[in-house]
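J.: Sequence first, predicted model second:
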Amino acid sequence: MITKQIVLASRPNGMPTLDNFRFENVELDALKADFVELEGLFYSVDPYMRGRMNEAKSYVAPFEIDQPIEGAVIAKVTASESGNFKPDDIVMGWLYWQQKTISNSKELQKIDTTIAPASYYLGILGMTGLTAYFGFTDIGKPQAGEAVVVSGAAGAVGMVVGQIAKVYGCHVIGIAGSDEKAKRLKEEFGFDEVINYKTTKNINEAVAQCCPKGVDIYYDNVGGEISDAVIANINFKARIVLCGQISLYNSKEVPTGPRLEPRLLTKSVLMQGFIIGNYASRFSEGMSQLGKWVKEGKLKSTETIVHGFDKLPTALLGLFKGENTGKMIVQA
């Protein structure tokens, strides 16, 4: 069987372009014992993928030139030589960007679409939700009444963080890039205040107005000047959860900003980075709690769904232009 795949054609210099990707036809291997044939339904696009396009040592290996891009995928089993899966089962796995693929059944997880739509398992009930849950609860250690600032608040992780913060009784301020996103975060997702960083002349002052007693928890998804402004308002014994730095991912040079260490020192601030793999042994705990909150209506999900397998590269690039509200997903 011949199928289409998307490979990394070249490494980007700064902001990636469509020229960094290439479409190819590939012949699938024959199905053998314990393997299944899959048809991709939903493909996750995530900011961390930009780092994997570079040839640099990190917590996960870089994509290889002329090899398929890979990521989290929801797929349907179309043929099976495994006793664990049958045709039409819906599964989640770490798969190549291919329309169809052959996968070891041991590397797949069957999902229950009676609990939530399949795409939720790429977002609020998947790595996105787990990232928000463990970063905020384990590092942020929230207490009722505390002031929480979330950058990238309209993104997949930020939107979940803000809602979890409200569950804990916190005062939540989001930072997003449009009035439309700000309105949705307040009206649909319970944020108390939202700062539009594109139209706000002085973010430092805006944060100070929203948090007159200081910021107790900062969940940082973006880095750069926005984080400089938030940290200028940081409170005594505050916690900074370092989740992402999307504003810097396409920088060609190492940016120079304010020196944060004196403020962290004098305010006794904890600043800790993490990757979701650190919590692999506790995923079942996180999934259970997230599922409970979803059922209770305490967590809502929103997705930006781009239709068409061929749109995967375009959707990935859209993350760096703020084109998504919530989780960015491509539906085949």
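T.: Looks like it arrived, so ask away.
J.: Dig out what residue 35 forms beta bridges with.
T.: In this entry, residue 35 is beta-bridged to residue 104, by DSSP bridges.
J.: you'd agree it is up against residue 107?
T.: No - here residue 35 does not reach residue 107: they are 9.9 Å apart, not a contact under CB atoms under 8 Å. C-beta here means a position set from N, CA and C on the backbone, and glycine is covered the same way.
J.: how about the helices in the stretch 51-200 of the chain?
T.: 127-134, 156-167, 179-187 (DSSP state H, counting those that start in this stretch).
J.: Could you dump these into a markdown table with mean pLDDT, distance to residue 309 and mean neighbour count added?
T.: Listed next are the helices of the stretch 51-200 of the chain as a markdown table, based on pLDDT from 0 to 100; distance: least, CB to CB, whole Å; neighbours: other CB atoms under 10 Å:
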| stretch | mean pLDDT | distance to residue 309 | mean neighbour count |
| --- | --- | --- | --- |
| helix 127-134 | 96 | 21 | 26 |
| helix 156-167 | 97 | 20 | 27 |
| helix 179-187 | 97 | 27 | 17 |
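J.: Redo those helices as JSON lines? Include distance to residue 316.
T.: Formatted as JSON lines, the helices of the stretch 51-200 of the chain follow (distance: least, CB to CB, whole Å):
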{"stretch": "helix 127-134", "distance to residue 316": "15"}
{"stretch": "helix 156-167", "distance to residue 316": "13"}
{"stretch": "helix 179-187", "distance to residue 316": "20"}
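J.: shaky segments in this structure?
T.: Under the criterion pLDDT under 70, no range of the chain is flagged.
J.: tell me the domain ranges of the protein?
T.: The chain is divided into the following domains under automatic domain parsing: 2-123+301-331, 132-277.
J.: Packed most tightly, which of the ones you listed would that be?
T.: Of those, the one with the most neighbours on average (mean count of other CB atoms under 10 Å) is domain 132-277, at a mean of 19.
J.: okay, how far is it across that one, tip to tip?
T.: End-to-end distance of domain 132-277 (CA to CA, to the nearest Å): 13 Å.
J.: how close does the nearest residue to residue 60 once chain neighbours are set aside get to residue 287?
T.: Closest residue in space to residue 60, ignoring its immediate chain neighbours: residue 52 at 6.3 Å, by CB to CB, 6 or more residues apart in numbering. Separation of residue 52 from residue 287 (CB to CB, to the nearest Å): 25 Å.
J.: Just the element for residue 241, please.
T.: strand 234-242 (DSSP states H and E).
J.: Mind putting the domains of the chain into TSV with distance to residue 292?
T.: Output for those, formatted as TSV (distance: least, CB to CB, whole Å):
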stretch	distance to residue 292
domain 2-123+301-331	11
domain 132-277	10
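J.: Between those, which one is closest to residue 293.
T.: With CB to CB as the criterion, residue 293 lies closest to domain 132-277 of the domains of the chain, at 6.5 Å.
J.: who are the neighbours in contact with the residue lying closest to residue 245 once chain neighbours are set aside?
T.: Spatially, and ignoring its direct neighbours in sequence, residue 245 is nearest to residue 223 (3.4 Å; CB to CB, 6+ apart). For residue 223, the contacting residues are 244-248, by CB atoms under 8 Å, 6 or more residues apart in numbering.
J.: Let's see that with 7 Å instead.
T.: 245, 247-248 (CB atoms under 7 Å, 6 or more residues apart in numbering).
J.: go on, residue 102?
T.: Taking CB under 7 Å, 6+ apart, one finds 28-29, 31, 35, 37 in contact with residue 102.
J.: Helix, strand, or coil at the nearest residue to residue 17 once chain neighbours are set aside?
T.: Nearest residue to residue 17, sequence neighbours excluded (CB to CB, 6+ apart): residue 317, at 7.5 Å. Under the three-state scheme (DSSP: H, G, I helix; E, B strand; the rest coil), residue 317 adopts helix.
J.: So residue 317 is in contact with residue 16, correct?
T.: Yes - counting by CB atoms under 7 Å, residue 317 does reach residue 16; the two are 6.0 Å apart.
J.: coming back round to it: relative to residue 259, which of the helices of the stretch 51-200 of the chain is closest?
T.: helix 156-167 (26.0 Å).
J.: now the strand holding residue 241, how far from the centre of its chain.
T.: Strand 234-242 sits 22 Å away from the centroid of its parent chain (CA atoms, centre = their mean, to the nearest Å).
J.: In terms of secondary structure, what does it contact?
T.: Secondary-structure packing of strand 234-242 (3 or more CB pairs under 7 Å, 6 or more residues apart in numbering; DSSP states H and E): strand 215-220, strand 270-273.
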